[in-house]
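[1] Here you go, sequence then predicted model.
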There are 4 protein chains.
Amino acid sequence: MFFESDNSGPAHPSVLAALSHANEGYASAYGSDPLSAQVSAKIRELFEAPKASVYLVATGTAANSLILSTITKPFETIFCSNRAHIHEDECNAPEFFTGGAKLTLVPTTDGKMTAGDLEAKLLLEENRGVHGPQRGPVSITQITETGSIYSLEEIRSITGVATQYGLSTHMDGARFANAVATLGCSPAEMSWEAGIDCLSFGGTKNGLLGVEAAIFFNPELAAQFELRRKRAAHLFSKNRYLAAQMQAYLTDDLWLKNAEQANATTAYLAEGLRKEGAEITQPIGGNIIFANLPRATHKRLKEGGAKYHIMSGTLEGADPDEPLLARFVCDWSIDRSAIDQFLGLFKS
Amino acid sequence: MFFESDNSGPAHPSVLAALSHANEGYASAYGSDPLSAQVSAKIRELFEAPKASVYLVATGTAANSLILSTITKPFETIFCSNRAHIHEDECNAPEFFTGGAKLTLVPTTDGKMTAGDLEAKLLLEENRGVHGPQRGPVSITQITETGSIYSLEEIRSITGVATQYGLSTHMDGARFANAVATLGCSPAEMSWEAGIDCLSFGGTKNGLLGVEAAIFFNPELAAQFELRRKRAAHLFSKNRYLAAQMQAYLTDDLWLKNAEQANATTAYLAEGLRKEGAEITQPIGGNIIFANLPRATHKRLKEGGAKYHIMSGTLEGADPDEPLLARFVCDWSIDRSAIDQFLGLFKS
Amino acid sequence: MFFESDNSGPAHPSVLAALSHANEGYASAYGSDPLSAQVSAKIRELFEAPKASVYLVATGTAANSLILSTITKPFETIFCSNRAHIHEDECNAPEFFTGGAKLTLVPTTDGKMTAGDLEAKLLLEENRGVHGPQRGPVSITQITETGSIYSLEEIRSITGVATQYGLSTHMDGARFANAVATLGCSPAEMSWEAGIDCLSFGGTKNGLLGVEAAIFFNPELAAQFELRRKRAAHLFSKNRYLAAQMQAYLTDDLWLKNAEQANATTAYLAEGLRKEGAEITQPIGGNIIFANLPRATHKRLKEGGAKYHIMSGTLEGADPDEPLLARFVCDWSIDRSAIDQFLGLFKS
Amino acid sequence: MFFESDNSGPAHPSVLAALSHANEGYASAYGSDPLSAQVSAKIRELFEAPKASVYLVATGTAANSLILSTITKPFETIFCSNRAHIHEDECNAPEFFTGGAKLTLVPTTDGKMTAGDLEAKLLLEENRGVHGPQRGPVSITQITETGSIYSLEEIRSITGVATQYGLSTHMDGARFANAVATLGCSPAEMSWEAGIDCLSFGGTKNGLLGVEAAIFFNPELAAQFELRRKRAAHLFSKNRYLAAQMQAYLTDDLWLKNAEQANATTAYLAEGLRKEGAEITQPIGGNIIFANLPRATHKRLKEGGAKYHIMSGTLEGADPDEPLLARFVCDWSIDRSAIDQFLGLFKS
C-alpha cells in the first residue's frame, strides 16, 4: 500500500529486460552508440518533430535545470508557478545551473497559473533597465505539482503570452505521460503544437529506473546543451543503459499504458476515499490525490501499514478530528487489490 | 576487439541480476531505502572505516566534482596533476561545482606527481595575501590517467605534504580496483591509511552500469555533500538501483576479481604487443597501455576491426612508418581470445 | 528641483576636501595605508563595537552582496522583504555572489516585515530535508525601500526570530543615517544591540561620492570577506580614496547632520504636498515620500522642470484626474528654496 | 622613494580639480548624466573607433573580468600568459565572473607569448568533443606583467592566430598608456587596428584615483556588459565621478604625458641601477624594472627608506652577496630628485 510517491515503485519488467538485452558486447561510450541514436529517432517520431534535439539524462532535476541553463542568461529570471518543483524541490538547482538566474513566482490556483497572472508578473519587470533581472523563459509543469492538469487551450494561452514577450517556454513533464493519458491527446498536441519550446519528458516516475529525455523542439535552442550536460557530470559514459530504458518505454506504447494504468488506479482510489468521507482538495488531473482526513483516521491507516505523506501537521496532535492534508500517488505498479486493502483499513 | 575504453564493455551479469532482484516491491525514494543503507555499511566495512560517510552517485565526474565542491572554497585552487581527468576531461566541472575555484597543475612524469613538485607549487602561493587564490585541496588519480600507479609510499609522501600545509586530499579512484589488484594491498592501505581524506571509488569502468561511491573518511569533511548532490541533480530518486549495482560489486569481491581479470588481460596484451615490436611508452599500473606503432600497422589493425584510440596524428598521413601513439584499455570482459584475434591481425 | 534620488546630488564639500588632502604623497595600496586603518577604528568607535571587522567598498550592492556571500551557503535561501533592494534592484547580484543561493520573499506592509510573517516563511522550510533550500540569513533594510522605518523593538523582534532559528541577520543600511536621525538613537542601538550581525553602512546616498562600509559585529562571521571582495574586483588599489571619503563622513558627525538635513527637508516637502492635496501613501521614516497626484498636476510639475520618478502609469494617459504614484527623495543638498520653487509650480 | 607600485602614488591634481568641478548640482544617476556621455564620445574619438561601446568601471580586475564574462561561455577556456594578472592576481575573478570558465596558460619568454606558443595550446584542445573545455578568447597584457612590451607586429601575429580559430581577443591595458608612450604609436594602432576586440584601458595606475574604461571595438560583442556590470555591483550610481576622472585623463593628453613621464623616470632609474652594478633581468617596455641586487645592498636601501618589492627570498638570509630579485615601478609622480636620493643610498 505504497502511495508515497511514484518514485517508490519498481520498474516495469520490460525495462529490466531491455537493460539485459543491451548488456551484450561492446558499445562506444558517451552516447555515440547505435541504441542511443535509435532512441532519439523514436522520440522525434513519437513527438512528430523530425528536427527536435533529444538528450537523455538520469534525473528530472537534471533535465529541468540543464534545459533552463541552456535557454536562460544569468541575469534573467525564470517565470514559474509558486508551487513549481524547480522552485521548491530542487535545492536551488536552477540558480546553480544557470549561474545565478532568479525565479519569479507566478501565483496559482489549484497549482496552475493563468496567462493573465503570468502577464501581470511580466509587466512588473518593465521599465527597470539594468536594475532588475531581465525576463527569461517561462516554465510550467504538466501534470502540475498539485496534480491538476492544464487543458491544451490553457497551455496555448500561456505560451501565447510568452511568445508575445519574446520568451522561450519550458514544460516540466515529469508526469507528461499521465497528462497525455488524461487528455487523450498526442504528445505533439500537448507540447510543441501548443507552443512549448523545450520539454523534460519524464520516465522515472512512470516505470523506468532513472531516465528522462530533454527535448528541444527548436534545435537552435539546444546549442550548448551537450557541453553543459558534460560539465554538470550528467553525460553518462555507458549511455546505452539510459537508452535501453527509454527504448523499452517507447515500445508498444509502454509509456502511455503505464500512465493510463496509474491514472485509472488513482481514480479508483479517489472514489474510495470519497466514499469514506475524505475531502479531496485538488482537482485530479492524473495520478496524484490531495485529501483531508481526520487525524484519528490517519493513525489507523498508518498503523495498518499504509505509506503516504501527510503534508502538514503531525499525528501526535491532540484533536482526533483535526483534518490533516495528505498526498496519495499511484504509480503504474499499484493494483486494485492494494487499493482495496487500503480502503479496508478505514473499517477497522 | 574493443580496447577503446573500460566504459565500452557490458556490465557483469551479476549486476544485472542484482538490479532485477532489487526491482521487487516498493522502497522509499532518495536513498532512504534499506538496500542503500546496507551498501553504505558494506563499503565502510570494505574500507575498515566505520565512521566514513558514503554517498552513491552515477558518474565519476559527479563523484569528483561533488567531493571537491564540498572541501574547496570558491577562492581556492585545487592542486592536481597536469594530466588530471578533472582538468582535461570534465569540461570545467570542478570550476562549475566549486563556484569558480581554480586548478593549479603540478608537473608529472609518467602521469605521476612527486611530493617535491607538489610542494614547489604550494610554495608559489605563499605571500600573496588576498591577491592570489588560496591553497585548496590536493587531488591525485590512482591508477593515473596514463595508466601508471603510485606506490603506497608515494601516496603517503604526497598526503604528507598536504597535511603539512593543512590541506585536504582527494583521490580520483575511477580505477581504484585495478590499483588494489596490482599492489595487492587493502583498500584501507591505499586510501585513508595512506592519508587520503576523500575518495571517488569507481565502479562504472569495472563492470557496473553506472555508479561510483563518494567516500569521506573524516565525516566532518562531508558536511554539505548531500545538499550539493541534490542541488546538482545527482540525487537519484530510485537510489536502490545505484545501491543494487554497488551491492553486486561488493559481493564475493566482484570488484577485485573484475580488476584482476582486466589487469591480467592487459598484461597478456602488453606482452603480445611487445613481441610485435610495439614501443610501450608508459609504465603499466593496471589496465591501460600506451604504445607506439607504425602508421601502416594501425591501418591494418583498424581494417581488421580492432577498436582503440589513436592519441594524436591521423591514419591519413603519408609516412607508413611514422609511429603513432595509441591507447589500449582492457575492461573485465575482454578475454584472451579477443586478444589473440587482435594479435593475429599483425600477421595479416 | 531634483527629487529623483539621493544618488543625484553632489557630494558634501568637506568630502572633496578630504580627497584632496589624502592626495598627498604615497601610500601602500589595497587598504594597508594608515588612513584606511584609522577609518576602520573610527567606525568601530562610532558603533561602540571594538571587535567589529570593517571593510570599505564602493557601492551598496557590493556591500550587501559581499556580506551575504560571506554568511550564506549556495544551497541556502535568504529571507528578505518582498520589496527588498537586494531582490528588485540588484540584477541577481545576491544569486551571483553567493553562488546560487535563493531569496525567499517575506510579505510586507508599508515595506516592513513582521516577526510573525518571517517566522511563517521560516516554518515553510521545515521538513524538506535536502529537497528544498536550507534556511540562510535574514536581511532587512533600514530605512526600507518604501521609506518606512522599523522601531528598535521591531528590529529586535525580527532578529529574535532569526536567532531562535540559528540564523544570521544582515541590515541593508543604505539610508542607515536617515533612520538614526529619525529615531534619535545611537548606531549601536539600531544595529548590534538590536541583534543585527552585519551591516551595510551607507554613505553614497548621504553626501559621499561612492563608498559604503561593510561591518561584521561578530568578526567570526567575517572570515572570508576579504578574499571574496578581491575576487569580485571590489578591492580598490588606491583604497585611501575610499577611506578619505569615509573619514570626512565621520568627522564632526557629518553623516548625521546630512541625514537630519535631508529628513527635515523631506518633512517640509511632505507638509507642502499635503497642503496641495497630495495623498501620501507610505509612512515617512526618513527622506522618501510616496504620493499620489493627478496626471494633470504631474504634467504641470514636469513642465516646470521638477525631476522625480512616476512609479507606474504614464503622463500620456487620457484622464487628467487619474492619480499617479510618484516618489520624491531629498538628499542632504536640497534646500528649502528648491522646495518652495517646486511647491510654487502647483499654483501655476 | 616609493617604487612599490604605480598604485601607490597620488592622483594628478587636474583629476581632483575635475572631481570638484563635476561636484556641482544634480545629475541623473547610473551613467545617464551628460558628462558620462561626453567621456564615452571622447574615448571613441581617441581610439578613432566611432562605433565602439565604452563603459567605465572602478578597478582593472572589474574591467578584465566583466569583459571576459561578456565574451566567454562557462564551458570555455581563456588563453592567457602564464604570468597573466588575470591568472595570478585576481583571486579567481575570471572563474567567478564567467561562471566557471577555465584559463589555459600559454608559456612566455620575458612575459610575452608568441603566436606559435598560442597556436600550440589551441591545437591541444582539438578532438576532445564535449570532454574538454571549448576554446574561448585570447587575452594578452600590454605592457606585460613583467614590464616587457609587444611590438605591433607581435600583437598582430597573436590576434591573427585567434581570428584564424574564430576566437575573440582581449587586451589587459592596465598600463596601455605606458606602452603607447614607448612605441610612439596611436591607441588605434595598438588596439583594434592590431586586431584586438576588447580593451581594458587603464587609468588607476597612471594618475587617476580609480577608473578604467572597458572598450568593445565591435559593439556586438558588448551585448550583455551592462547587465553583468550591474549584477556584479560595478555600476556606480554617481557615475559622474568616474566620468570626471576619465575626462581629466583625456584632456590635453594627460594620459600620455603621465605615461611618458613615468617611462622617462624609469629609464633614468634603470641607467642609475646599471651603473651601480644591478642586473636588469627583464626588458623594460615602460615603467617597470626587475633587477637583481645583493642582499646587503637591499638592506642598505631599505634602511635608507626606499620602498619597493623584493620578489622572492628574504632580507634575513645569511649570505650578503646573494642576489635577490626586486621590482621597481615608477608612476607619473616620481621625480628625478627621488631617483637621485635613492641612488645616493648605494653610496652610503
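    Perfect, I can see it now.

[2] and the closest residue to chain D within chain A, helix, strand or coil?
    Residue nearest to chain D within chain A (C-beta to the nearest C-beta): A:G99, separated by 3.7 Å. C-beta coordinates here come from the backbone N, C-alpha and C atoms, glycine included. Here A:G99 takes the coil state, with states given by DSSP: H, G, I helix; E, B strand; the rest coil.

[3] Who is A:P323 paired with across the strands?
    With DSSP bridges as the criterion, A:P323 is bridged to A:P294.

[4] before we move on, the earlier item: the residue of chain A closest to chain D touches D:F75, doesn't it?
    No. A:G99 lies out of contact with D:F75 (C-beta atoms under 8 Å); the separation is 11.1 Å.

[5] picking up where we left off before, separation between the residue of chain A closest to chain D and D:R327?
    37 Å (C-beta to C-beta, to the nearest Å).

[6] Counting neighbours, go ahead and name the busier of the two.
    A:G99 (24 against 18; other C-beta atoms under 10 Å in any protein chain shown).

[7] and the more buried one, what does it touch?
    A:69, A:74, C:96, C:100, D:74, D:99-100 (C-beta atoms under 8 Å, 6 or more residues apart in numbering or on different chains).

[8] Ok, A:G160 next?
    When contacts are counted by C-beta under 8 Å, 6+ apart, A:G160 touches A:115, A:195.

[9] Quick check: phi and psi at it.
    Main-chain dihedrals, A:G160, degrees, to the nearest 10: phi -60, psi -40.

[10] what's the answer for A:G60, then?
    Torsion angles, degrees, to the nearest 10, at A:G60: phi -60, psi -40.

[11] neighbours of the closest residue to it other than its chain neighbours, just the number please.
    Leaving aside its sequence neighbours, A:G60 sits nearest to A:A174 (C-beta to C-beta, 6 or more residues apart in numbering or on different chains; 4.7 Å). As a burial measure, A:A174 scores 28 neighbours (other C-beta under 10 Å).

[12] show me what contacts A:A174?
    Counting by C-beta under 8 Å, 6+ apart, A:A174 has contacts A:60, A:85, A:141, A:200, A:202, A:204-205, A:212.

[13] For the helix or strand hosting A:S200, which strands pair with it and how are they oriented?
    Per DSSP states H and E, A:S200 falls inside strand A:198-202. The pairing partners recorded for strand A:198-202 under DSSP bridges are strand A:169-173 (parallel), strand A:212-216 (antiparallel).

[14] Would you mind giving those as JSON lines with mean neighbour count and mean pLDDT added?
    Listed next are these as JSON lines, based on neighbours: other C-beta atoms under 10 Å in any protein chain shown; pLDDT from 0 to 100:
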{"stretch": "strand A:169-173", "mean neighbour count": "28", "mean pLDDT": "98"}
{"stretch": "strand A:212-216", "mean neighbour count": "27", "mean pLDDT": "98"}
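
[15] C:Y30 is nearest to which of those strands?
    Among the strands paired with strand A:198-202, strand A:169-173 comes nearest to C:Y30, with 44.7 Å by C-beta to C-beta.

[16] Please state the offset of the closest one from the chain centre?
    9 Å (C-alpha atoms, centre = their mean, to the nearest Å).

[17] Go through stretch A:48-58 and flag the buried ones.
    Across stretch A:48-58, burial judged by 16 or more other C-beta atoms under 10 Å in any protein chain shown covers A:49, A:52-58.

[18] pLDDT and distance to chain B added to those, as JSON lines?
    Below are the buried residues of stretch A:48-58 laid out as JSON lines (pLDDT from 0 to 100; distance: C-beta to the nearest C-beta, whole Å):
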{"residue": "A:A49", "pLDDT": "97", "distance to chain B": "25"}
{"residue": "A:A52", "pLDDT": "97", "distance to chain B": "22"}
{"residue": "A:S53", "pLDDT": "97", "distance to chain B": "18"}
{"residue": "A:V54", "pLDDT": "97", "distance to chain B": "18"}
{"residue": "A:Y55", "pLDDT": "97", "distance to chain B": "14"}
{"residue": "A:L56", "pLDDT": "97", "distance to chain B": "12"}
{"residue": "A:V57", "pLDDT": "96", "distance to chain B": "8"}
{"residue": "A:A58", "pLDDT": "96", "distance to chain B": "6"}
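
[19] Now compare those residues and name the two farthest from each other.
    Maximum distance among the buried residues of stretch A:48-58 (C-beta to C-beta): 22.7 Å, for A:A49 and A:A58.

[20] Burial check on the residue nearest to A:Y308 when sequence neighbours are not counted, number of neighbours?
    Nearest residue to A:Y308, sequence neighbours excluded (C-beta to C-beta, 6+ apart): A:F3, at 4.1 Å. Counted with other C-beta under 10 Å, the neighbours of A:F3 add up to 28.

[21] Check the gap between A:F3 and C:M190 for me.
    A:F3 sits 52 Å away from C:M190, going by C-beta to C-beta.

[22] Tell me the pLDDT of A:N127.
    As predicted, A:N127 sits at a pLDDT of 61.

[23] repeat for the one 3 residues further on
    Listed pLDDT for A:V130 reads 83.

[24] Grab the nearest non-local neighbour of it.
    Using C-beta to C-beta, 6+ apart, the nearest residue to A:V130 is D:K230, at 4.3 Å.
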